[in-house]
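> the following block contains a protein sequence and its predicted model.
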Amino acid sequence: MQNIFDEVGSLDRKCYEEFALSEDLLMEHAADGMADFIKSNYALGATVLVVCGGGNNGADGLALARILHKDYDVKLFMAKEAKSEMAKLQLLRAQKVDVSFVDQLFNAEIIVDAVLGTGFNGELSSELLQMLETLNNYKAVKIACDIPSGYKFNADYTLTMGGLKKSLFEDKVKDIVGEITVLDLGVAREIYETDSKIKLLDESDLQLPNRKKQNTHKGSYGHLAVVSGEKTGASVMSAQAAFRFGTALVTLLSNENIHAPYEIMQSHQLPQSASAIALGMGLGVEFSQSELERFVSNGHPLLLDADIFYHPLLSTLLGKKKVVITPHPKEFCEVLRECKIAEISVEELQQSRFEYAQLFSKHFPDVTLVLKGANVIISQGEQMFINPYGSNVLAKGGSGDVLAGLIAGLLAQGYAPLDAAISGSLAHTLLAKSYKGADFSLTPIDLIDGICKL
Ligand SMILES: NC(=O)C1=CN([C@@H]2O[C@H](COP(=O)(O)OP(=O)(O)OC[C@H]3O[C@@H](n4cnc5c(N)ncnc54)[C@H](O)[C@@H]3O)[C@@H](O)[C@H]2O)[C@H](O)CC1
Ligand SMILES: [K+]
């Protein structure tokens, strides 16, 4: 896991006040880090166009140009006049070593966007937009200094200074930021950073339900009850995913017989040994409110998905202990509306996913939210985790049912809700990532079949 920050200015100030470092020194390390990245990946002599703004993002670019000059065929383009003290100083330094300046953009082999960084606010002028569009149309390798300017520069790589910024993980910039690398600024990251309540997950955070002891029996690995409503396919796929993910017993709760694999049991009643319940997938209106209330009356951990977000029972269920909900954006808007937290459109949600996830968790601190998206947000109380492995291959009917089964299966095996959400979500996205077929061809069964290879 890595820390993610709302802002890093306070971390810079800590370097000045506690470590007697200076803005100039941090900047030098920032520029050096970018130079090292270029030197490790691109042959000496390549043409490099560094496009600079007037603030310290531009200053980073000027320092980079000075460092690369002579080893690379570097050209500097000043999109704005140097304004900040550091930008003026770095400009002077670049001039003193004779770095060449150009007044026309051109298709260099490498283009570095050092126009706007964390100082960007408001809107981009049409002139700047036009310039960034021109750069985007070049074939060059595109590197963003700190953050892509105004999130309109389509970076292949974002070399971000000091620590990860939350804005880099908004869904709306997923196709903009490219591969993100953090550059150290003169001290190790663990010295530079403080702890953060927002964490970036990585593959090593997946805790598989591996079996350790031999002296066990099938009762040791949980019993998941999946409430199966009108659209039985959804609940059957959830049940199969849970079974594949280590849950020893899985029962479909239904009033009639369902066509399901033999290993999945069926019942009209909640099994005595049930250790978790999954509710919502394909629910429809098959069960009465009192039947549903009976199912959930034992305090079992609950996984809520899909139709239940539109059900009058929702706010009662959200008040229970050990609840994980897995809405996609549209369903989450319904949850926010139903719980009288916010009345927003999906577009408004997608513009401010972190804020609305935090708002929900403030109202329901015990509920674990898994907000689906290109970057999955997992939120519980004050803690937030980003799963960056979401991919478009999952944009298919049924993949949400598989996710629900993965998480519910871990709940049934005794995982705490947050751990079940994190590992279920990581397993889900890694299954999609390891899918070998064409990206448009993935089916939920491919995901389920891939579980044994995790
Ligand atoms: N630890 C770190 O993150 C470090 C970061 N460094 C670099 O410093 C920049 C932030 O510098 P700052 O001067 O605060 O802001 P910018 O250079 O990003 O931009 C300010 C500049 O841009 C103008 N501006 C703002 N909004 C707009 C707009 N919508 N349209 C046009 N112009 C705009 C504003 O007027 C200013 O002139 C950070 O990103 C890093 O690159 C340090 O180098 C090292 C430590
Ligand atoms: K930039």
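Perfect, I can see it now. Numbering: from 1, shown residues only. Ligands and ions are numbered 1, 2, ... in the order given.

> so which strand or helix has residue 347?
helix 346-351 (DSSP states H and E).

> what's downstream of that helix, the next helix or strand?
Proceeding N to C from helix 346-351, the next assigned helix or strand is helix 353-363, under DSSP H and E.

> ok, and what's touching that next one?
166, 170-171, 198, 329, 332, 335-336, 339, 341-342, 344, 349, 367, 369, 371, 373, 377, 379-382, 384 (Cβ atoms under 8 Å, 6 or more residues apart in numbering). To be clear about C-beta, it is placed using only N, CA and C from the backbone, and glycine gets the same treatment.

> just the buried residues from these, in PyMOL please.
Applying 16 or more other Cβ atoms under 10 Å to those, the buried members can be selected in PyMOL as follows:
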select buried, resi 166+170+171+198+329+332+335+336+342+344+349+367+369+371+373+377+379+380+384
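
> of the contacts of helix 353-363, which belong to helices?
329, 332, 335-336, 349 (DSSP state H).

> quick one: the strands in the stretch 351-454 of the chain?
368-371, 376-380, 383-387 (DSSP state E, counting those that start in this stretch).

> next, give phi and psi for the closest residue in space to residue 302 that isn't next to it in sequence.
With sequence-adjacent residues excluded and distances taken as Cβ to Cβ, 6 or more residues apart in numbering, residue 302 is closest to residue 323, at 4.7 Å. The phi/psi pair for residue 323 (degrees, to the nearest 10) reads phi -110, psi 130.

> what about stretch 6-15, average pLDDT?
Stretch 6-15 carries an average pLDDT of 94.

> you'd agree residue 77 is in a helix?
No. Assessed with DSSP: H, G, I helix; E, B strand; the rest coil, residue 77 is strand; it does not lie in a helix.

> and it, what is it in contact with?
Going by Cβ under 8 Å, 6+ apart, the list of residues near residue 77 reads 49-52, 101-105.

> at 7 Å instead, please
Applying Cβ atoms under 7 Å, 6 or more residues apart in numbering to residue 77 gives the contacts 49, 51, 102, 105.

> please list the residues of the protein that sit near ligand 2.
57, 113, 117, 144-145, 149 (Cβ under 5 Å from the ion).

> can you give me the end-to-end distance of stretch 106-120?
In terms of Cα to Cα, to the nearest Å, the two terminal residues of stretch 106-120 are separated by 24 Å.

> tell me which residues of that stretch come out buried.
Buried, per 16+ other Cβ under 10 Å, within stretch 106-120: 108-118, 120.

> just these now: which is nearest residue 277?
residue 118 (45.2 Å; Cβ to Cβ).

> quickly note the distance from the closest one to residue 7.
The gap separating residue 118 from residue 7 is 7 Å, by Cβ to Cβ, to the nearest Å.

> so what's the residue count around residue 355?
11 (other Cβ atoms under 10 Å).

> sorry, wrong one. I was asking about residue 138.
By other Cβ under 10 Å, neighbour count at residue 138 equals 15.

> list the contacts for it?
By Cβ under 7 Å, 6+ apart, the contact set of residue 138 is 107, 111.

> how about the residues of the stretch 151-300 of the chain by ligand 1?
Contact residues (Cβ under 6 Å from any ligand atom) of the stretch 151-300 of the chain with ligand 1: 161-162, 185.

> ok, now with 5 Å
Counting by Cβ under 5 Å from any ligand atom, the stretch 151-300 of the chain comes close to ligand 1 at 161-162.

> low-scoring stretches of the stretch 151-300 of the chain, by residue?
Low-confidence segments of the stretch 151-300 of the chain (pLDDT under 70): none present.

> for ligand 2, give me its nearest residue in it.
Closest to ligand 2 within the stretch 151-300 of the chain is residue 153: 6.6 Å, counting by Cβ to the ion.

> can you tell me the helix or strand for the closest residue to that residue other than its chain neighbours?
Distance criterion Cβ to Cβ, 6+ apart; nearest residue to residue 153, sequence neighbours excluded, is residue 113 at 4.4 Å. With elements taken from DSSP H and E, the one containing residue 113 is strand 110-114.

> residues in contact with that strand: which ones?
Residues contacting strand 110-114 (Cβ under 7 Å, 6+ apart): 38, 42, 46, 48-53, 57-58, 60-61, 64, 135, 138, 140-145, 148-149, 153, 155.

> next structured bit after that strand?
Defined by DSSP H and E, the subsequent element after strand 110-114 is helix 126-137.

> that next one and ligand 1 in contact?
No. Using Cβ under 5 Å from any ligand atom, we find that helix 126-137 stays clear of ligand 1, coming within 5.8 Å at best.

> got a list of contacts for that helix?
So helix 126-137 is contacted by 51, 79, 105, 111, 113, 149, 152-154 (Cβ under 7 Å, 6+ apart).

> that one to strand 110-114, inter-axis angle?
Inter-element angle recorded for helix 126-137 and strand 110-114: 150 degrees (by axes from the mean of the first three to the mean of the last three Cα atoms, to 10 degrees).

> in helix 126-137, what's buried?
Buried residues in helix 126-137 (16+ other Cβ under 10 Å): 128, 131-132, 135-136.

> one more: stretch 204-220?
Buried residues in stretch 204-220, counted by 16+ other Cβ under 10 Å: 205-206, 209.

> in TSV: these, plus secondary structure.
Shown next, in TSV, are these (three-state DSSP):
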residue	secondary structure
205	helix
206	coil
209	coil
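
> so which of those comes closest to residue 440?
residue 206 (25.8 Å).

> residues contacting the residue nearest the centre of the chain?
For the chain, the residue nearest the mean C-alpha position is residue 375 (2.8 Å; Cα atoms, centre = their mean). Contact analysis of residue 375 by Cβ under 7 Å, 6+ apart lists 169, 171, 174, 386-388, 390.

> quick one on the thing from earlier: the contacts of strand 110-114 in helices, which ones?
Those of those lying in helices (DSSP H): 38, 57-58, 60-61, 64, 135.

> export those residues to TSV and tack on pLDDT?
Conversion of these to TSV gives the following (pLDDT from 0 to 100):
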residue	pLDDT
38	98
57	98
58	98
60	98
61	98
64	98
135	98
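
> now name the helix or strand holding the residue lying closest to residue 63 once chain neighbours are set aside.
Distances taken as Cβ to Cβ, 6+ apart put residue 31 closest to residue 63, at 3.5 Å, once the chain neighbours are dropped. In this assignment (DSSP H and E), residue 31 forms part of helix 23-41.

> any idea how far the nearest residue to residue 203 once chain neighbours are set aside is from ligand 1?
Once flanking residues are discounted, residue 203 sits nearest to residue 430: 6.4 Å by Cβ to Cβ, 6+ apart. As judged by Cβ to the nearest ligand atom, to the nearest Å, residue 430 and ligand 1 stand 31 Å apart.

> now do residue 101
19 Å.
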